[in-house]
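Participant: fold the following and give me the result.
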Amino acid sequence: MEINDLTPAEQRVWRAFATGTEVDFRAGAGGRDQDNTLRAAVVRTLLLNGPAEPGETAALKVRGAHVTGPLDLRYATVGSVIHLTHCRFEDAPDLIGAHLRYVSLRDSEMPGLSVTRARLDGSLRLTRCRFGGPVRLDGAQIAGALFLDEADLTGGTPGRPVLQLNQITVDDDVCARGLRARGLVRLDGATVAGSLDLEDAELSNPGAHVLDAESLDVGANLLGRRLRARGRIDLRGARIPGRVDLLRATLSHPGDTALRASSSVIGEFWLRGGDRVEGRLNLRRAEINQLDLEPEMLPDEVRLIDLTYTFLTPHEPAERRLPMLERDGEGFDPHAYEQLTAAYRRIGDDQAARLVQLAKQRRRRSTLPWYGRLWGHLQDAAVGYGFRPLRAAVWLLSLLVVGSAVFAGHHPRPLKASEAPDFDPVFYTLDLLLPVISFGQESAFAPSGGYQTLSYVLVVTGWILATTVVAGVTRTVSRQ
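Facilitator: Below you'll find the model as predicted:
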């Protein structure tokens, strides 16, 4: 291509390329309005075989251009930096398989973008870009960062991603603060060495997946403060050693799963300060070091089977945490109760731990046959399944009063009248109730008829209640 074949605007860009000088076509730049049309074929020729000057670094730096025709750089090797900012592209640039140094298209408008399997030695900057069609970066390798801050993506094909980042490799951060995407954002199998920042992003794909990030591997954090997502977020199998930060986030997918992080490994998971999640929360088989959950944000259904966590914050009374375990639609899961018990014991709140264990027994009771449920109700009423030892002491005291009153009105006959001590109804009843201590009354007197039956009841009940009291005291002493 000869320079004489170029328009005046293209000639300016051609001459500036060799020295890396910026050309600004925006209205008012340089004090006058100017023609800003560049043919994509000219841009391609310039990048692949542009002029060079000794001692200068060639670079394409253009602002405010109107690029006509398809910019085709498929599988090309471009050694110069590309800055095409504040530009408008008639066709979607095609960079599939290209080897590029650094690309900035910030503040530009285009029908779409294809960077599939491309390799960038630096960063890719798409800040505040407006896309009328799908953006594909699947399989791309970016040695720097990927910038999508305040980018706007619309017009995706139903059922297909509006932003495709699956299998992408980024050696730095993915910065997407304020991203607006209407359609599916796909991050399956993506590897991000730094953080994935989605703070203040708006993702909307009602009734379907809005963020599909299965097997996502992030080196630091997934940041989603004030994230607004309408649709399903899927983090199944993700590896995030830092934190998943969803403070003040709004998650909505009514009637289905709003957030799935099953089988994931996460350092810290923060979900608080925002509106209540609309839809199901699925944390099955996840491994989380610190689980920071605010009870008010939890939805009506929470899947927690085989979830493991070390710390549960903020510290809340057991009464506010237990509904989380009762909302699992898959039935009774003893592991979930054991996890919550361990979390309370780890911070020294034994009272809350006992309440969780009591709730576990009550929930288990509902899974038993009728006779098991009946026995469970008796255990619960009598001694709180052993977690209410003081209740057992109250029962013992009540039985002592009843037995003493009954035997005070009807003294049992002595076995050996000449050797029997004076009868004392209180200590006789204590002899029946307490299995270890003996006051010499039970062995000296023998009740008959209904009073003998009462004595048997007192003996059996005393064994059960006394054992419960001893077990409760033993647990308390051993923890201290």
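Participant: my guess is Gln339 meets Thr310, correct?
Facilitator: No - at 9.5 Å, Gln339 does not count as touching Thr310 under the criterion of Cβ atoms under 8 Å. Just so you know, the C-beta spots here come from the backbone N, C-alpha and C atoms, and that holds for glycine as well.
Participant: the more surrounded of the two?
Facilitator: Legend: neighbour count by other Cβ atoms under 10 Å for Gln339 and Thr310, higher for Gln339 (20 against 13).
Participant: the helix or strand hosting that one packs against which elements?
Facilitator: If you go by DSSP states H and E, Gln339 is part of helix 334-346. Helix 334-346 is packed against strand 308-313, helix 318-326, helix 350-365, with contacts defined by 3 or more Cβ pairs under 8 Å, 6 or more residues apart in numbering; DSSP states H and E.
Participant: of all those, which one is nearest Arg119?
Facilitator: For the helices and strands packed on helix 334-346, distance to Arg119 was read as Cβ to Cβ. The smallest value, 39.0 Å, belongs to strand 308-313.
Participant: taking helix 318-326 as reference, get the angle to the closest one.
Facilitator: 140 degrees (axes from the mean of the first three to the mean of the last three Cα atoms, to 10 degrees).
Participant: oh, and call the first residue 700 from now on, that's how I've got it
Facilitator: From this message on, residue numbering opens at 700, which makes the last subject strand 1007-1012.
Participant: what lines up beside strand 1007-1012 in the sheet?
Facilitator: strand 986-992 (parallel) (DSSP bridges).
Participant: in the strand it pairs with, what's buried?
Facilitator: Across strand 986-992, burial judged by 16 or more other Cβ atoms under 10 Å covers 986-987, 990-992.
Participant: what kind of secondary structure is Gly877 in?
Facilitator: coil (DSSP: H, G, I helix; E, B strand; the rest coil).
Participant: how many neighbours does it have?
Facilitator: Burial of Gly877, expressed as a neighbour count using other Cβ under 10 Å, amounts to 19.
Participant: residues in contact with it?
Facilitator: Going by Cβ atoms under 8 Å, 6 or more residues apart in numbering, Gly877 touches 848-849, 898-901.
Participant: next one: it from Ala850, what distance?
Facilitator: Per Cβ to Cβ, to the nearest Å, Gly877 is found 8 Å from Ala850.
Participant: and if you look at Ser813?
Facilitator: Here Ser813 is placed at a distance of 16 Å from Ala850 (Cβ to Cβ).
Participant: mind listing the helices for the stretch 1050-1179 of the chain?
Facilitator: 1069-1082, 1088-1108, 1124-1132, 1149-1178 (DSSP state H, counting those that start in this stretch).
Participant: mind putting those into JSON lines with mean pLDDT, distance to Ala839 and mean neighbour count?
Facilitator: Shown next, in JSON lines, are the helices of the stretch 1050-1179 of the chain (pLDDT from 0 to 100; distance: least, Cβ to Cβ, whole Å; neighbours: other Cβ atoms under 10 Å):
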{"stretch": "helix 1069-1082", "mean pLDDT": "73", "distance to Ala839": "59", "mean neighbour count": "14"}
{"stretch": "helix 1088-1108", "mean pLDDT": "81", "distance to Ala839": "64", "mean neighbour count": "16"}
{"stretch": "helix 1124-1132", "mean pLDDT": "84", "distance to Ala839": "78", "mean neighbour count": "22"}
{"stretch": "helix 1149-1178", "mean pLDDT": "70", "distance to Ala839": "55", "mean neighbour count": "15"}
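Participant: ok, which of the ones you listed comes nearest Arg959?
Facilitator: Distance to Arg959, taken as Cβ to Cβ, is lowest for helix 1069-1082 among the helices of the stretch 1050-1179 of the chain, at 34.2 Å.
Participant: from the contact counts, what lies against the helix or strand containing Trp713?
Facilitator: For Trp713, the host element (DSSP H and E) is helix 707-716. Judged by 3+ Cβ pairs under 8 Å, 6+ apart, the packing partners of helix 707-716 are strand 721-723, strand 736-738, helix 739-748, strand 758-762.
Participant: pull the helix or strand with minimum mean pLDDT from the chain.
Facilitator: Here the helix or strand of the chain ranked lowest by mean pLDDT, DSSP states H and E is helix 1149-1178, holding a mean of 70.
Participant: which stretches of the protein have low pLDDT?
Facilitator: Along the chain, the parts satisfying pLDDT under 70 run over 700-703, 727-733, 855-856, 1028, 1080-1082, 1084-1085, 1088, 1165-1179.
Participant: try it again with 50
Facilitator: Within the chain, the stretches with pLDDT under 50 are 730-732, 1175-1179.
Participant: let me know the outermost residue of it.
Facilitator: Most distant residue from the mean C-alpha position of the chain: Ser1117, 78.6 Å away (Cα atoms, centre = their mean).
Participant: I'd like the distance between it and Ala1143.
Facilitator: Applying Cβ to Cβ, the value for Ser1117 to Ala1143 is 11 Å.
Participant: what sits against Ala985?
Facilitator: By Cβ under 8 Å, 6+ apart, the contact set of Ala985 is 960-965, 968, 1006-1007.
Participant: one more: Arg1064?
Facilitator: The contact partners of Arg1064, taken as Cβ under 8 Å, 6+ apart, are 1071-1072, 1075-1076, 1079.
Participant: in three-state terms, label Arg929 for me.
Facilitator: The local conformation at Arg929, judged by three-state DSSP, is strand.
Participant: which SSE is the nearest residue to it once chain neighbours are set aside in?
Facilitator: Closest residue to Arg929 apart from its sequence neighbours, by Cβ to Cβ, 6 or more residues apart in numbering: Ser903 at 4.5 Å. Using DSSP H and E, Ser903 maps to strand 901-911.
Participant: in that strand, which residues are buried?
Facilitator: Quick answer for strand 901-911 (16+ other Cβ under 10 Å): 901-904, 908-911.
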